[in-house]
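# any chance you could fold what I've pasted below:
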Amino acid sequence: MPTKLQLHLAKVFLKIFLRDRQSIFFSLFFPIIFMTIFAFANNGEVDPTKLGIVNNSASEVASDFSQMLNENPLFNVTLGEETALRAELVEGDQTMVLILPEDFDAQSDGAELQLLVDAAQVQQLGLIMPLLEQTLISIEREFRNIEPMFTLTIEDVQARSQRYLDFLLPGLMAFTLMQLSIAGSGFNIVEFRRKGILKRLFVTPIKPRDFITAIVLARMAIILIQLTVLILFAVTILDVRIVGNFASFYLMIILGTFIFLCLGFCLGSIAKTQQAVMAVGNLVIFPQIFLSGVFYPIESMPELIQPIANLLPLSFVSTAMREIANNGASLLEITPTLIGIAAWFVIAFVLATRLFVWKEVAN
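Below you'll find the predicted structure:
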């Protein structure tokens, strides 16, 4: 439990931090704008696949076949000549081009359809081809009057949303708390050193752990308020769903904030100027932005990088927050992640207290 001295210092630091209203405003403004952009850019609607059709057959069957594809909402069909559609495919205006042969009619047995694709669309092809094949099979059944062996009844169980914004929110929250924490402790240490505040505190009975604990408590209060505002905005305005327990979600926020505040102290102790702490801070922040699963899963990264990415502190925090928010996981279900968070909790606090030396400040 914090001592009376630590709580008094935390109250003093809290008043100092709250005076910087401009910093508080912009730390809220940018995440809100960021989430809003992704909300409009990823509205959950899937655009129809652009499909060009070259009909080389004069049969009525080929015309009906093209018309049925045209009426399918899964495809945005363009009818035209092969040369023109090939050019559009090269320019990226078409995803694929389907060529119907001259012998395409009701009596044809196994007519070969040619499909032209762009090499740049290879990653999408694995998703599009099963969809196209299933559509072609359905159309063939209608032409040949073949009854399907079974029918599929779909029941809407109102499952939770899996929009990209739902996936993004926990990672964005983890990134935001990392940035606010490192800036709130590392930059403040350098600023206190520059203003001579640390020299004056050195002659008092205050110990490094009291000073660090007080700033951590004050900054944590501000960060919790800021993140709560962001969460309320995401849930009420952007309709983001948090499936899991809010108490568990906030526990991860508190643990993550403590870790990055202590790491910020380390950076502030190593760097002696504002320019230096900014450069060192970027070395810590930017690799974790891209390697910690903030914007996309770690499993999608190259296998060589995954072991390193999984050991980063932001990876443990963002993974735990995402498992709780998206999958409704309990603390017991994310035990391995909690062990990683606990390890970084101890490492960060030990480094912060060991690197922070009053005597170096007093010289």
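# tell me where the model's unsure across this structure.
For the chain, the stretches with pLDDT under 70 are 1, 38-47, 106-111, 118-132, 135-136, 139-162, 202-203, 356-363.
# state which helix of it is the longest.
Longest helix in the chain by number of residues (criterion: DSSP state H): helix 164-195.
# show me what that one is packed up against.
In terms of contacts (3 or more C-beta pairs under 8 Å, 6 or more residues apart in numbering; DSSP states H and E), helix 164-195 is packed against helix 21-41, helix 208-236, helix 246-270, helix 274-291, helix 313-327. Every C-beta, even on glycine, is put in place using the N, C-alpha and C of the backbone.
# distance to Pro73 and mean neighbour count added to the ones you listed, as TSV?
Below are the helices and strands packed on helix 164-195 laid out as TSV (distance: least, C-beta to C-beta, whole Å; neighbours: other C-beta atoms under 10 Å):
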stretch	distance to Pro73	mean neighbour count
helix 21-41	22	14
helix 208-236	30	19
helix 246-270	38	22
helix 274-291	36	15
helix 313-327	29	25
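# for the ones you listed, which one sits closest to Gln94?
Minimum separation from Gln94 across those (C-beta to C-beta) falls at helix 21-41, 22.9 Å.
# where's Val243, which helix or strand?
For Val243, there is no enclosing helix or strand under DSSP states H and E.
# burial check on it, number of neighbours?
Neighbours of Val243 under the rule other C-beta atoms under 10 Å: 15.
# does it touch Gly328 like I think?
Yes: between Val243 and Gly328 there is a contact under C-beta atoms under 8 Å: 4.0 Å.
# distance to Gln306 for the helices and strands packed on helix 164-195 - can I get that in JSON lines?
Below are the helices and strands packed on helix 164-195 laid out as JSON lines (distance: least, C-beta to C-beta, whole Å):
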{"stretch": "helix 21-41", "distance to Gln306": "25"}
{"stretch": "helix 208-236", "distance to Gln306": "28"}
{"stretch": "helix 246-270", "distance to Gln306": "21"}
{"stretch": "helix 274-291", "distance to Gln306": "9"}
{"stretch": "helix 313-327", "distance to Gln306": "10"}
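# ends of stretch 297-316, how far apart?
Length of stretch 297-316, first residue to last, C-alpha to C-alpha, to the nearest Å: 12 Å.
# okay, buried residues for that stretch please.
Neighbour-count burial for stretch 297-316, with 16 or more other C-beta atoms under 10 Å as criterion, is recorded at Ile298, Met301, Ala309, Asn310, Leu312, Pro313, Leu314, Ser315, Phe316.
# closest one of those residues to Met68?
Nearest to Met68, judged by C-beta to C-beta, of these is Met301 at 41.5 Å.
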